[in-house]
Structures are given as C-alpha cells and as structure tokens.
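Trainee: Any chance you can model this:
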Amino acid sequence: MAASLECNLWLRARTADKLSHQLCGKGITAFSKSELLLPAGTARDVPSYFKTRPILRFLGKKIAHFLHDYHSSSFPYLGFEESNGEHNQLTPQQLQNLVGRTQTYVSGGGPRRCPGELKIHSLLRIGHTDFGGEQFVRSSLPHSKLDACSRSDFVFFIPPPPFNTKSRCDFSAGLESCWYGRVVLLFSMKVDCDEDQPLNCPCAMIEVMYDYSTPDWGRQAGQEGTKMVYLPAPDDWHTINSERGVPGGGRTAPVVYIVPVDAILGRLALVPAGTHGTIPATMSERRQAVFPMGVCDRKNEPGTGSRLFYINSWAMQWPSDHPIRSAADWAAECS
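Mentor: Okay, the predicted model is just below:
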C-alpha cells in the first residue's frame with residue numbers, strides 16, 4: 001500500500017480515461033474448459049485450487065456473465081437479452097457456449113506447465129498520464145501456498161453494466177458512484193466471437209462489497225466524507241455451507257463480478273471497523289435494514305461474521321500528487 005499512499009487516488013480516479021493498466025509478467029496458464037464448467041456445488045474430483053480457494057468455483061460462470069455484460073454484441077447468434085446485471089439470464093447452454101469460446105493458451109509457467117484457457121497474473125500496475133508514480137494491485141495465484149486473503153488487495157472500480165452505462169471518460173468517480181471489492185484473480189483470456197476478430201480481455205475477478213447502512217454513522221463517529229462497507233460472505237462461508245450439505249449456497253456466499261482491468265480506478269484504503277473487524281452479534285435484529293447481504297457474528301463467537309470496514313478517504317485524498325514534468329520544464333527550473 002505504501003506506493004499507493006504516494007498517489008492522490010481520488011484525484012487520479014476523476015480522470016479515469018487517463019489511467020493506464022498493465023498486467024505484469026507473462027502469466028501462468030491455468031484452468032481447462034472442463035474445470036471452468038464444473039458446477040459450483042461439485043464436491044468431488046475438483047482441482048486443488050478449488051479446495052483451497054472455493055470462491056474460484058464461480059469463475060467459469062462469471063466469465064460467461066462478463067461476456068454477456070460487456071460484449072453481448074460480439075455474439076449475435078446467441079440471441080442475448082440485454083443484461084440486467086443480476087447474472088440470472090443465461091441458460092446452461094449459453095453458459096457452456098460462452099466458456100467454450102475461450103482460446104487455449106499453450107503451456108506456460110507455473111507448477112503444472114500445461115495448457116489452459118486463462119493466463120493468470122499476480123500484479124496489476126496502474127499509472128496516469130498526468131502524474132508520476134504507479135499503484136500496484138496484487139492478487140494470489142491459484143496455486144499459491146500463501147494465504148489468499150492476505151495477498152488480495154481491495155480496490156474501487158467503475159460498476160459493470162447496466163449499473164453504469166457511461167464511458168470511462170464520462171464516468172464521475174465519487175464515494176457513492178464507485179463500487180468496492182477485493183480482487184480475487186487477475187487474468188487475461190482470448191475469446192472467439194461470432195464474426196469479428198477474437199476478443200483480448202484483461203480481467204479482474206472481484207468479490208464485491210456493500211454499504212453498511214447505519215443511519216448517521218459518519219457524523220456520530222466523526223468520519224464525515226467516508227462510509228462503512230462489508231464483504232457479504234464471512235471467511236468460513238464455504239466450510240459452514242459444506243457442513244450443512246449446501247456447498248454452493250446456504251449461508252451467505254460471495255457476490256462476484258468480473259470486470260475489465262481498466263475499470264479499476266485504484267487501490268482502496270480501508271480500516272477494520274469495531275473490535276474484531278466483523279459485524280457484531282448485537283446487530284442481528286437489524287440485518288435487513290443495515291446489512292441485508294451479510295451475516296453477523298455467531299453468538300459468543302466474535303470474528304465469525306461478515307468483515308466490516310470503513311473507507312479511509314483521508315488516506316486516498318491527502319497525498320500531494322506529482323505531475324509528470326517534461327524535459328523543458330526541468331531545464332527551465334535548473335537554468
């Protein structure tokens with residue numbers, strides 16, 4: 001986060017069309033078509049990274065919805081309806097067809113060194129044409145033995161269609177207009193269209209956060225100009241759902257979207273809220289009004305609910321950014 005703190009994140013985000021995005025490295029190839037098409041509730045004979053990072057079980061389905069959200073015009077023969085953003089419109093046949101359009105990359109780096117439908121990256125560099133310095137957004141590789149959550153950065157980004165229909169240059173970044181979330185995976189893929197050249201898609205899979213709607217919280221806490229947000233799924237969501245025999249549902253599961261990497265506006269500065277950084281059990285009776293997508297701590301088990309944060313707007317707008325200076329400017333200053 002240190003490099004990002006040298007940047008005025010909100011100032012840069014307000015000119016989103018001047019941001020530059022680059023996935024670093026050649027990437028490792030991963031995920032076969034059959035793996036991407038595994039149902040989210042499949043419990044046996046799954047790759048190891050689906051067991052260690054169960055949120056990746058949603059990847060194939062979300063790739064199909066990403067293509068529907070952003071590139072439906074490239075698939076006229078599939079007869080898509082306009083996306084409603086709820087990811088409930090595609091039939092099983094359409095899901096399979098879209099995932100089947102991904103091109104297979106030849107063997108690349110990584111432990112398995114085998115072909116795959118995706119190239120996975122661990123780092124996204126975000127620059128700006130008017131300012132020096134860069135931001136770095138990280139996510140864990142599927143095969144990483146490191147704690148996936150600790151290596152996954154939080155970001156703020158332009159909402160996907162139809163929640164936003166403006167172009168990057170027309171989008172007005174603000175506390176209420178942006179979406180927030182944790183980067184699950186950074187990857188690129190090539191997809192065959194019906195008629196045009198293949199799509200080259202650098203993407204980010206993001207676990208979306210929601211507003212924690214406690215009335216007057218900012219004024220009471222002395223934090224005006226910020227807001228509280230939460231990750232709907234608790235850290236142990238998959239374990240609990242599996243114990244109840246509902247590996248794909250049950251207790252609140254993550255809400256996931258895939259967006260182009262150029263929709264990411266910057267790193268998100270967060271501070272854990274409360275004593276344990278989760279929604280306390282005392283809020284159980286206010287769930288519907290305050291955090292309808294999340295869960296509170298279990299009784300006498302603090303830290304088991306949805307993770308809760310407030311956005312550190314001060315850290316995102318306090319730094320004095322440094323404009324890029326031309327050689328002529330430097331020469332004039334030194335003369």
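Trainee: residues in contact with the closest residue to T278 other than its chain neighbours?
Mentor: Nearest non-adjacent residue to T278, counting by C-beta to C-beta, 6 or more residues apart in numbering: G305, 4.2 Å away. For every residue, glycine as well, the C-beta is placed using N, CA and C. Residues near G305 by C-beta atoms under 8 Å, 6 or more residues apart in numbering: 234, 278-281, 294-298.
Trainee: Quickly note the distance from G305 to L23.
Mentor: 34 Å (C-beta to C-beta, to the nearest Å).
Trainee: quick one: stretch 153-173 to chain centroid distance?
Mentor: Here stretch 153-173 is found 12 Å from its chain centre; the criterion is C-alpha atoms, centre = their mean, to the nearest Å.
Trainee: count of neighbours near the closest residue to T104 other than its chain neighbours?
Mentor: Of all residues not flanking T104 in the chain, P115 sits nearest, at 5.1 Å (C-beta to C-beta, 6+ apart). Neighbourhood size, P115 [other C-beta atoms under 10 Å]: 14.
Trainee: and P115, what is it in contact with?
Mentor: Counted by C-beta under 8 Å, 6+ apart, P115 has contacts 29, 32, 104-107.
Trainee: Low-confidence regions, the stretch 201-335 of the chain specifically.
Mentor: 215-225, 238-251, 319-335 (pLDDT under 70).
Trainee: ok so, going back, which member of the contacts of G305 is positioned nearest E81?
Mentor: If you rank the contacts of G305 by distance to E81 using C-beta to C-beta, G294 comes first, at 29.9 Å.
Trainee: So the closest one: helix, strand or coil?
Mentor: Secondary structure assignment for G294 (DSSP: H, G, I helix; E, B strand; the rest coil): coil.
Trainee: For it, give its distance to F131.
Mentor: 36 Å.
Trainee: and if you look at F31?
Mentor: F31 is 36 Å from F131, by C-beta to C-beta.
Trainee: More neighbours: which of these two?
Mentor: Higher neighbour count among F31 and F131: F31, with 26 against 19, using other C-beta under 10 Å.
Trainee: unless I'm mixing things up, the more buried one is touching E117, no?
Mentor: Yes - F31 lies in contact with E117 (C-beta atoms under 8 Å); the separation is 5.2 Å.
Trainee: ok, K190 - how many residues close by?
Mentor: K190: 17 neighbours (other C-beta under 10 Å).
Trainee: Spell out which residues sit in contact with the closest residue to it other than its chain neighbours, please.
Mentor: Closest residue in space to K190, ignoring its immediate chain neighbours: Q103 at 4.2 Å, by C-beta to C-beta, 6+ apart. Q103 is in contact with 117, 189-192, 198, counting by C-beta under 8 Å, 6+ apart.
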